[in-house]
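Student: just coords:
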DNA sequence: GTTCTAGAAC
DNA sequence: GTTCTAGAAC
């Protein structure tokens, strides 16, 4: 690599042997630029320069502070002098030093005067990657040298200030992974001697912005309260302008659309939301495949309701786990519907997941327009000829779907036997498709117990039940096949296109996506379900609790395993093995999988209070009780072991249903602490201190929950010294010995509970 | 929430 | 080869 550098040097030496005038012209053509690499040791700055200098047609000089002094580390002044003379020689310049803070960058931005463009290439790669590289570079992983390297990287990253256009850069490129780095290398490689790159910020991706910002915010909160956030706003606006200019000119088609740095987190999320709601019509549940079906055979075919309801619940239970996140909805037109109430009761008894199966009173042909419920598939209680007419559901569906359904049905089948079903894709011309978003109708024929109708079973319920079971099996299997087929479709269930599904991703990811589409779809639906409005969720649960509509925005769906705490709260006496205290409003228990030496849960006993998002002003005294009970237990624990420190708080989005307060000692010494999520759920803003929750509810009547998706996958940082660690074992080994004092913010407002040391300085 | 496990990272 | 993570299933 060094040889290559020397070659370029000698090449450009030839240029400057020309006459001054020519030289001046040449320089004008050369259009040299100064590129400041910004990144921690191990972020790949030198490698970046090497790659560009090897392939880029323009002459470059790399100014490396580590080697500028005859191969040894030199000074900033030396760098500046050397960079200045390289520029005079018409070379573009890489400033290969960390440049992590603004002050360090400032002098280099003056190089060559304002006519020389200044770029920043930010190698903002994960701390653990930088650490592991610099540890490797220093040779011996694990020894003092390695440890030192990690400490250096950590210290630098904690202080880093990302560059802003306002500092004097004309272009800033952010690289957050290897792919970004390669793209940026390609961009610079393609830069001919007189070319220039357009201005603006490039390469910051939404998801990563959130992660990075999460860290920044957290660090800011911990380290430096009055940071210049207003300045960030200014530069952000500036970036916005630059970006739109960029787009107008259409110069950089391949660049990632830049997302402003600074406090952009909320903005970015809001943009996403707007996009999603505008496309998906404000109801995220649009995209969960849903089958609406009438009760088969119980109307005109006079099947016994008790027996039919048993079979419905039985079959729903059987299929619900086979169809991923898709939902089944039993629909009946009448309000006092006996079959609905029977099914509801039986389903509840069997603990059928109320998010995946529920009942609705309404017209099956108007579920979207009438009830606001999107069902992409509806079942028809058909007749054996598969013809319109008769009465009830069959007549209604054929009538609502128009001739399109008749002809589409004819194409598929001419008749149907009892117990069978036929899936008919609904032509997009059908009003049922356009108005209601129904993409398929499944005709199903049940057993007939009505002597006035064909195939009368003469009260033979042995056969009748068998046929009805078969009918539901055929129906649900038909639906399952539709759900599977959605794997390759780019259409949402409603027939309206769904932005998130078609949004571009980078090549590599896309391939992976398609290969695992089936599960990917499931994940997505899971996500959407999580995004249901509280009101919708309660509706799905059959609750009428509209108070929650205006609440914390998003609530989540509960997996079947998530009810353990709820069960304990409802029947603490039945769980005496785990419960350690039962009071009027709360139950106390040791966490089954403690993440620290002491870890207990204070559980609210009331019904309908699942998580922080449900909390309102009326719960204030309960919150205070929970806190007080938690404190009482910490006192007991501190009596036993004065060296412990406790923190009391809630998970922003808990995995287990039923509001519970964590009381957890800060040693985090537990074999159950196994993964990033475990750590980050107690050591990022995902963990909401009880004192703050109480304050917020008291001030605003609810808890403001910021839905920072990636917060649980943030890099691992020590909760005391804030150092970053590459993995859980290393983090655990670090925290077992870290004696640094806790961040100031935790020492305020009683967020940490401990016995003050004798000198009164606390921890 | 945990467990299991494929496969990525080391 | 071993360690570790992350996603799916429960």
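Tutor: Great, that's in hand. Note that the structure is a prediction, hence the values are computed from the model and not measured.
Student: any weak-confidence spans in the stretch 251-400 of chain A?
Tutor: A:251-287 (pLDDT under 70).
Student: Next to DNA strand C, which bits of it? Give me the list.
Tutor: The stretch 251-400 of chain A comes close to DNA strand C at residues residue A:321, as judged by Cβ under 7 Å from any atom of the strand. Just so you know, the C-beta spots here come from the backbone N, C-alpha and C atoms, and that holds for glycine as well.
Student: could you pull out the helices for the stretch 601-750 of chain A?
Tutor: Under the criterion DSSP state H, counting those that start in this stretch, the stretch 601-750 of chain A contains helices at A:620-640, A:676-683, A:690-700, A:728-735, A:744-747.
Student: For those helices, could you give me TSV that also reports mean neighbour count?
Tutor: Listed next are the helices of the stretch 601-750 of chain A as TSV, based on neighbours: other Cβ atoms under 10 Å:
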stretch	mean neighbour count
helix A:620-640	17
helix A:676-683	19
helix A:690-700	16
helix A:728-735	17
helix A:744-747	14
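Student: closest to DNA strand B out of those helices?
Tutor: Among the helices of the stretch 601-750 of chain A, helix A:676-683 comes nearest to DNA strand B, with 5.8 Å by Cβ to the nearest atom of the strand.
Student: what's in contact with the closest one?
Tutor: A:595, A:647, A:651, A:662, A:664, A:668, A:672-673, A:686-687, A:711-714, A:716-717, A:719, A:728, A:731 (Cβ atoms under 8 Å, 6 or more residues apart in numbering).
Student: and what of stretch A:616-626?
Tutor: Here stretch A:616-626 has contacts from A:547, A:551, A:583, A:585-586, A:602, A:604, A:606, A:609, A:615, A:659, A:661, A:690, A:693-694, A:697-698, A:701-702, using Cβ under 8 Å, 6+ apart.
Student: next one: stretch A:319-333
Tutor: Residues contacting stretch A:319-333 (Cβ under 8 Å, 6+ apart): A:288-295, A:312, A:316, A:339-340, A:343, A:352-353, A:355-364, A:367, A:373, A:375, A:476-477, A:479-480, A:483, A:521-522, A:525-526, A:529.
Student: That stretch and DNA strand B in contact?
Tutor: No: Stretch A:319-333 lies apart from DNA strand B when judged by Cβ under 7 Å from any atom of the strand; the minimum separation is 13.3 Å.
Student: repeat for stretch A:614-623
Tutor: No: on the criterion Cβ under 7 Å from any atom of the strand, stretch A:614-623 is out of touch with DNA strand B, staying 14.9 Å away.
Student: Please compute how far that stretch lies from its chain's middle.
Tutor: 28 Å (Cα atoms, centre = their mean, to the nearest Å).
Student: got it, and stretch A:346-353?
Tutor: With Cα atoms, centre = their mean, you get 30 Å for stretch A:346-353.
Student: what does stretch A:677-692 give?
Tutor: 17 Å.
Student: follow-up on the earlier one: out of the contacts of helix A:676-683, which touch DNA strand B?
Tutor: A:651, A:672.
Student: List only buried entries from the contacts of helix A:676-683.
Tutor: Buried subset of those (neighbour count, 16 or more other Cβ atoms under 10 Å): A:595, A:647, A:651, A:662, A:664, A:668, A:673, A:686-687, A:711-712, A:714, A:716-717, A:719, A:731.
Student: Mark which of the residues you listed are part of strands, please.
Tutor: A:647, A:651, A:662, A:664, A:687, A:716-717 (DSSP state E).
Student: Kindly report the residues of the stretch 451-600 of chain A close to DNA strand B.
Tutor: So the stretch 451-600 of chain A meets DNA strand B at A:559, A:561-562, A:592-593 (Cβ under 7 Å from any atom of the strand).
Student: how about JSON lines for those, with pLDDT, neighbour count and secondary structure added?
Tutor: Compiled in JSON lines, those are given as follows (pLDDT from 0 to 100; neighbours: other Cβ atoms under 10 Å; DSSP: H, G, I helix; E, B strand; the rest coil):
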{"residue": "A:559", "pLDDT": "76", "neighbour count": "13", "secondary structure": "coil"}
{"residue": "A:561", "pLDDT": "83", "neighbour count": "9", "secondary structure": "helix"}
{"residue": "A:562", "pLDDT": "91", "neighbour count": "16", "secondary structure": "helix"}
{"residue": "A:592", "pLDDT": "91", "neighbour count": "11", "secondary structure": "coil"}
{"residue": "A:593", "pLDDT": "93", "neighbour count": "12", "secondary structure": "coil"}
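Student: For the residues you listed, give me a markdown table that also has distance to DNA strand C.
Tutor: Formatted as a markdown table, these follow (distance: Cβ to the nearest atom of the strand, whole Å):
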| residue | distance to DNA strand C |
| --- | --- |
| A:559 | 5 |
| A:561 | 5 |
| A:562 | 8 |
| A:592 | 14 |
| A:593 | 13 |
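Student: which of the residues you listed lies closest to DNA strand B?
Tutor: Nearest to DNA strand B among those: residue A:593, at 3.0 Å, using Cβ to the nearest atom of the strand.
Student: quick one, phi psi at the closest one?
Tutor: phi -120, psi 70 (degrees, to the nearest 10).
Student: what residues are up against it?
Tutor: Per Cβ under 8 Å, 6+ apart, neighbours of residue A:593: residue A:672.
Student: mind checking how far it is from residue A:185?
Tutor: Look at residue A:593 and residue A:185: by Cβ to Cβ, to the nearest Å, they are 45 Å apart.
Student: re the thing from before, closest one of the buried ones among the contacts of helix A:676-683 to DNA strand B?
Tutor: residue A:651 (5.4 Å).
Student: Wait, the closest one touches residue A:685, no?
Tutor: No: the criterion here is Cβ atoms under 8 Å, and residue A:651 misses it with residue A:685 at 11.0 Å.
Student: Whatever helix or strand residue A:81 lives in: which residues count as buried?
Tutor: Residue A:81 belongs to helix A:76-88 when elements are defined using DSSP states H and E. Within helix A:76-88, the residues that qualify as buried by neighbour count (16+ other Cβ under 10 Å) are A:79-80, A:82-84, A:86-87.
Student: I'd like the residues you listed laid out as TSV, including pLDDT and distance to DNA strand B.
Tutor: Listed next are these as TSV, based on pLDDT from 0 to 100; distance: Cβ to the nearest atom of the strand, whole Å:
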residue	pLDDT	distance to DNA strand B
A:79	90	31
A:80	92	35
A:82	92	34
A:83	93	33
A:84	92	39
A:86	92	35
A:87	93	37
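Student: Distance to DNA strand C added to those residues, as JSON lines?
Tutor: Output for those, formatted as JSON lines (distance: Cβ to the nearest atom of the strand, whole Å):
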{"residue": "A:79", "distance to DNA strand C": "37"}
{"residue": "A:80", "distance to DNA strand C": "40"}
{"residue": "A:82", "distance to DNA strand C": "41"}
{"residue": "A:83", "distance to DNA strand C": "39"}
{"residue": "A:84", "distance to DNA strand C": "44"}
{"residue": "A:86", "distance to DNA strand C": "41"}
{"residue": "A:87", "distance to DNA strand C": "42"}
